[in-house]
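Colleague: sharing a model that was predicted from the sequence below.
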Protein chains: 2
Amino acid sequence: MSAKNRLIYIPLGGAGEIGMNAYVYGYGPADKERLIVVDLGVTFPDMDTTPGVNLIMPDVDWLADNADRIEAIFITHAHEDHVGAIGLLWSKLRAPVYARQFTAAIARMKMEDYSQPTDAIHVVGPRPDVVDAGPFKVQFVPVSHSIPESSALVIDTPAGRIVHTGDFKLDETPVVGEPFDRELWRQIGQESRGVKALACDSTNVFSLHPGRSEATLAQPLKELIASQKGMVVATTFASNVARLKTLAEAGRAAGRSVCLLGRAMRRMLTAAVETGIVTDFPQLITPEEAVDTPRQDLMLIVTGSQGEGRAASAALSRGKYMGLEMREGDLFLFSSKTIPGNERAVIRVMNAFSELGVDVMDDRDGLYHVSGHANRPDLEVIHDLLQPKIILPMHGEHRHLREHCRIAQEKGIPAALAVNGKIVDLTGDEPKFAGEVEAGRTYLDGYGLIGAFDGVVRDRIRMAMNGHVLATLILDEDDQPIGDVWVEIMGLPERTRKGALLAEEIEADLNRFFDTADEKTLREDDKIEEVVKRIVRRTAMEEIGKKPEVTVVTSRLSAED
Amino acid sequence: MSAKNRLIYIPLGGAGEIGMNAYVYGYGPADKERLIVVDLGVTFPDMDTTPGVNLIMPDVDWLADNADRIEAIFITHAHEDHVGAIGLLWSKLRAPVYARQFTAAIARMKMEDYSQPTDAIHVVGPRPDVVDAGPFKVQFVPVSHSIPESSALVIDTPAGRIVHTGDFKLDETPVVGEPFDRELWRQIGQESRGVKALACDSTNVFSLHPGRSEATLAQPLKELIASQKGMVVATTFASNVARLKTLAEAGRAAGRSVCLLGRAMRRMLTAAVETGIVTDFPQLITPEEAVDTPRQDLMLIVTGSQGEGRAASAALSRGKYMGLEMREGDLFLFSSKTIPGNERAVIRVMNAFSELGVDVMDDRDGLYHVSGHANRPDLEVIHDLLQPKIILPMHGEHRHLREHCRIAQEKGIPAALAVNGKIVDLTGDEPKFAGEVEAGRTYLDGYGLIGAFDGVVRDRIRMAMNGHVLATLILDEDDQPIGDVWVEIMGLPERTRKGALLAEEIEADLNRFFDTADEKTLREDDKIEEVVKRIVRRTAMEEIGKKPEVTVVTSRLSAED
């Protein structure tokens, strides 16, 4: 190892938030390191901070500026927050993408969605297969999670081995996929010169009990479904193929025909079957067959565990969906947890079902759902098996990363609380902060990408909070107003507290001003805009108690018109 | 009792939601019943459904139309969702308001806030004091909740006794206020001819364990605070005076000086001390004294348990507040639960503290917080003590009311799932639906009240989701366009996916249209508006993938201009 080379870690997404994962490793001379990227995920917008936005992804401008240094992109698994941005951002990076078969299948769909070349996606087998990417040798190590073929990455570099867990849990009976193999992990920790750095999922660091296995759900689910007299409908994440299987088997065990509803779910299962991940999925019936099945003999598994307005669950809560309808005495089961921020949407669906007389069951403290992430004791198992020299907590909000650092430090392992954009130098015995790169968020808005600070979303939020007033004024070639100012309002009450029309009150105040306005003001559009905005806001505040956004259009007629 | 008289129950708020409580009871000939109102509360807006709105309250138009039939308004306790609308709605109802001393003090402040007469508020002592209100005789029965002097109402009518619980829990050691008195409740159930109808809080009907007492928090809180080396800051609801006392005592027991921060909290404690509810509150220091107190000797109790951006907790998470500042090694404790919908705001504050190096502790599964509502077993205790002939589940979402009905029916007690606006006839042995009245939501927006369906908020949401395009066009007296169409955009990306200016692209398409527009279209503003909107949306969809809201201003110059 040349003394001049260094090994660096740069999170660009996922470090300081749950979602939008994107991590960079580099090896080489400072600022000329060869780079690999791990995951390119999205996160989802909300009305509070990102109204009208379609998707949120990491700002990869720094990576794009250094695209010639990127050897490869690795995708650990097919969740949206790890693969969702590949189709949107690949054209800026143009490096080969490596993933296991199922993940690659999903990644190809993402590329197709945005007309990107699917042959950029390469399928890799699990360890011992190795991808050579410049100074990096990368292996995919199967881990359990809530989607098939999740993988940790073993990344060997001239400066030592990095283990990047991706999202994972320890599950010895995962229903789909390989069970947790303690000996394998011990071996990974002991090979080579041991593990230099462990970049580790932090999502569940505040969960103090050991995680539970997917297999523990089978019996409670069977009992629940067997006890029902009406139709049973269950929802979970579409990509949780193991859960789909557990649910379908429980339905079949209760003598019910099982039907999957929702495009995302059928697409995921198809991918899982086509890639050979699932070979013994219970027999399914079509929605058309389901319509003809007596409700006591029917179980539906549907999309929409987060209350999404367009998903099958919400559609069923509103009435008929694909000819199927829930009724008094039916059961709707959330075999899922509600992601923070989605509570209101989920509760809305629950109450809509209640109005139909449908019984709703949620995860009941874990009886009908287990998490896909390692809890604190599980994280410690991995720490202990790998005995890394450095821990890099990743995939978590600041508080998760901080807690994970504390656990590492209690074990005497140096840890770096590196949030998005930080450069961490891993070359020495301890992690060292070595500057930062531009990081942030990019929004997909309609067809285009916009920056989080472009002001577009800020203006939307302001219009939503304050309403919007438009004032138009026409001036002749001598800068004299022609006719009156015209005011339109949107998102504001039509009438003032005294019962007058708000637009007319504002017009009256503006016209009073223009009746006596001096020529200097009338000559300059900027001055007119400034004074009109001030008058509109003052009048609106007096009349309705709000300070609206204001757009002023000043039209000047010239002689030619 | 005349055969023609009937006893009715009409929820106007709180039945089908948690928050915004308002219930009506009536007795007399059909449609001429004399009425009493129980509670007039608010609920809080959110960006998803009510951007820019200040407060949400029940639509009381039906009550206002029947104001001459209202004998009195009773307020069970001083939480915003029970008393918050009194100042805003009283002028529509103009009936005397009755409440116990502490609640009356808060109600008077609400009246003052909106320039309403405070002498409409009358203080009533607890049972055996009785308020005569037409055919109703009403007693206030002390119950435990998370605010002082909460009361159930015993409402005697010629058709029998109603017990309206308000919000309550069973607490034999409530720290502040009277302990739960089983014998008293049994007596209420046995007096007179027993309880005809029980209108009962449903908030915690899904909580299956018996509720825990406020007093159970003292020891864990003492231990937690005593174990800290840095400053300790705790938050809870400002109105939870018992919790303030528990927290302050735990701080004092750990040898710390205690300071309250946040206007709402100081106001609540002052009201509690002035009304004699709390006589032995631990000594407090002022914020100025707190600044001069070594941090290891200091405990702050602050507002902002729901992550409210303007409260003391959020201010401290951002930096200095009133000269005080949290640092590495300090502790911030949420002695509270997060109300669904507030998760993101609370998590934002938690992460901001994490960035400061402050340790954050939440309620830890109840170790540092207990609920103020009766859990399912506690509800059953009340059912069993009162043995009502009818149960009216109230204060809950649809799913809570439905579950509460089921519990009642399992006991063989008829129950009515009555949501806002339903008229329930309680005269007979079973509750009967007897029509409905107009119910809904009214928004306080700036100074004014607007209806939920006025379209104002809908327009705000649309502008936030879709952006807003303004197109202005000037026509001469012959209906010919003067100059070009002028377009302004707000909340939309400036540039199209091809890099052109969006406003210019739209202008070009509009001008192309107007160059060849027929005279018939140009004569009518409506037609112009329609076609401009269509062109703007089509062009925006093509260029940026969004369909904006559009406002069209057509100015016609006449000969006089």
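Modeller: Sure, I can see it. Residues are numbered from 1 along each chain as shown, chains lettered A, B, ... in the order given.
Colleague: going forward, measure contacts between C-alpha atoms and count neighbours the same way
Modeller: Fine.
Colleague: state whether A:E529 and A:V552 are indeed in contact, as I suppose.
Modeller: Yes - with contacts counted by CA atoms under 8 Å, A:E529 reaches A:V552, the gap being 5.8 Å.
Colleague: of those two, who's got more company?
Modeller: Set A:E529 next to A:V552 and count neighbours by other CA atoms under 10 Å in any protein chain shown: A:V552 wins out with 21 against 18.
Colleague: partners of the more buried one in the sheet?
Modeller: Under DSSP bridges, the beta-bridge partners of A:V552 are A:A471.
Colleague: need the pLDDT of it.
Modeller: What the model reports as pLDDT for A:V552 is 97.
Colleague: and it, what is it in contact with?
Modeller: With contact set as CA atoms under 8 Å, 6 or more residues apart in numbering or on different chains, A:V552 has these partners: A:L470, A:A471, A:T472, A:L473, A:E529, A:V532, A:K533.
Colleague: state which one residue of the stretch 351-500 of chain A is found closest to chain B.
Modeller: For the stretch 351-500 of chain A and chain B, the shortest gap (CA to the nearest CA) falls at A:M465, measuring 3.8 Å.
Colleague: could you do the stretch 51-200 of chain A as well?
Modeller: For the stretch 51-200 of chain A, CA to the nearest CA, closest residue to chain B: A:G52, 3.8 Å.
Colleague: phi, psi of the nearest residue to that residue once chain neighbours are set aside?
Modeller: Once flanking residues are discounted, A:G52 sits nearest to B:M465: 3.8 Å by CA to CA, 6 or more residues apart in numbering or on different chains. Backbone torsions of B:M465, given as degrees, to the nearest 10, read phi -80, psi -40.
Colleague: sheet-wise, list the partners of the helix or strand containing A:I450 with their directions.
Modeller: Using DSSP states H and E, the element containing A:I450 is strand A:448-451. Within its sheet, strand A:448-451 is paired with strand A:441-445 (antiparallel), according to DSSP bridges.
Colleague: got the CA positions of the strand it pairs with in PDB?
Modeller: Taking C-alpha atoms only, strand A:441-445 is exported to PDB below (Å, rounded to 0.1, in the frame of the first residue of the first chain):
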ATOM      1  CA  ARG A 441     -31.500  16.300  -2.000                       C
ATOM      2  CA  THR A 442     -32.700  16.400  -5.500                       C
ATOM      3  CA  TYR A 443     -36.500  16.200  -6.300                       C
ATOM      4  CA  LEU A 444     -38.100  14.500  -9.200                       C
ATOM      5  CA  ASP A 445     -40.900  17.000 -10.000                       C
END
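Colleague: now the helix or strand harbouring A:A104: buried residues?
Modeller: Here A:A104, judged by DSSP H and E, is contained in helix A:101-113. Neighbour-count burial for helix A:101-113 flags A:Q101, A:F102, A:T103, A:A104, A:A105, A:I106, A:A107, A:R108, A:M109, A:K110, A:M111 (criterion: 16 or more other CA atoms under 10 Å in any protein chain shown).
Colleague: try stretch A:358-375
Modeller: A:V358, A:D359, A:V360, A:D362, A:Y368, A:H369, A:V370, A:S371, A:G372, A:H373, A:A374, A:N375.
Colleague: which other residues reach it?
Modeller: Outside stretch A:358-375, the residues within contact range by CA under 8 Å, 6+ apart are A:144-146, A:167-170, A:201-214, A:217, A:220-221, A:326-337, A:350, A:353-354.
Colleague: would you write a ChimeraX line that selects the buried entries of these?
Modeller: Once 16+ other CA under 10 Å is used to decide burial, the buried members of those can be selected in ChimeraX as follows:
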select /A:144,145,146,167,168,169,170,201,202,203,204,205,211,212,213,214,217,221,326,327,330,331,332,333,334,335,336,337,350,353,354
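Colleague: filter the contacts of stretch A:358-375 down to the ones in helices?
Modeller: A:P220, A:L221, A:M350, A:F353, A:S354 (DSSP state H).
Colleague: got the residues of the stretch 401-550 of chain A near chain B?
Modeller: A:402, A:445-448, A:450, A:455-461, A:463-467, A:470, A:472, A:482-483, A:488, A:490-493, A:496-497, A:543-546 (CA under 8 Å from any CA of the partner chain).
Colleague: apply 7 Å and report the result again.
Modeller: Contact residues (CA under 7 Å from any CA of the partner chain) of the stretch 401-550 of chain A with chain B: A:446-448, A:456-457, A:459-461, A:463-467, A:482-483, A:490-493, A:497, A:544-546.
Colleague: helices - which of the residues you listed land there?
Modeller: Of these, the ones assigned to helices by DSSP H are A:V456, A:V457, A:D459, A:R460, A:I461, A:M463, A:A464, A:M465, A:N466, A:I544.
Colleague: show me the one in those residues that has more neighbours than the rest.
Modeller: With neighbours defined as other CA under 10 Å, the most crowded of these is A:A464; it has 33 neighbours.
Colleague: wait, isn't that one in contact with B:G52?
Modeller: Yes - between A:A464 and B:G52 there is a contact at 6.2 Å, judged by CA atoms under 7 Å.
Colleague: what helices and strands are in contact with the helix holding A:A104?
Modeller: Applying 3 or more CA pairs under 7 Å, 6 or more residues apart in numbering or on different chains; DSSP states H and E, one finds that helix A:101-113 contacts helix A:86-93, strand A:121-123, helix A:263-274.
Colleague: so which of these is the most packed in?
Modeller: For these, the largest average neighbour count (mean count of other CA atoms under 10 Å in any protein chain shown) is found in helix A:86-93, namely a mean of 20.
Colleague: got the contact list for it?
Modeller: Residues from elsewhere that reach helix A:86-93 (CA atoms under 7 Å, 6 or more residues apart in numbering or on different chains): A:L40, A:L63, A:A64, A:A67, A:A107, A:K110, A:M111, A:D113, A:Y114, A:Q116.
Colleague: what angle separates it from strand A:441-445?
Modeller: Angle between the axes of helix A:86-93 and strand A:441-445 is 120 degrees (criterion: axes from the mean of the first three to the mean of the last three CA atoms, to 10 degrees).
Colleague: what's downstream of helix A:86-93, the next helix or strand?
Modeller: Immediately after helix A:86-93, counting by DSSP H and E, sits strand A:97-99.
Colleague: so where's chain A shaky on pLDDT?
Modeller: Chain A contains residues with pLDDT under 70 at A:1-3, A:559-561.
Colleague: domain map for it?
Modeller: With domains defined by automatic domain parsing, chain A comprises A:5-209+A:371-451, A:214-361, A:467-556.
Colleague: make CSV from those and add distance to B:T539 to it.
Modeller: Putting the domains of chain A into CSV (distance: least, CA to CA, whole Å) gives the following:
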stretch, distance to B:T539
domain A:5-209+A:371-451, 13
domain A:214-361, 26
domain A:467-556, 21
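Colleague: B:V130 is nearest to which of these?
Modeller: With CA to CA as the criterion, B:V130 lies closest to domain A:214-361 of the domains of chain A, at 38.3 Å.
Colleague: then the strand holding A:I450 to PDB, C-alphas only?
Modeller: Written as PDB, here are the backbone C-alpha positions of strand A:448-451 (Å, rounded to 0.1, in the frame of the first residue of the first chain):
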ATOM      1  CA  GLY A 448     -37.600  17.200 -14.200                       C
ATOM      2  CA  LEU A 449     -35.100  17.200 -11.400                       C
ATOM      3  CA  ILE A 450     -35.100  20.300  -9.200                       C
ATOM      4  CA  GLY A 451     -32.800  21.100  -6.300                       C
END
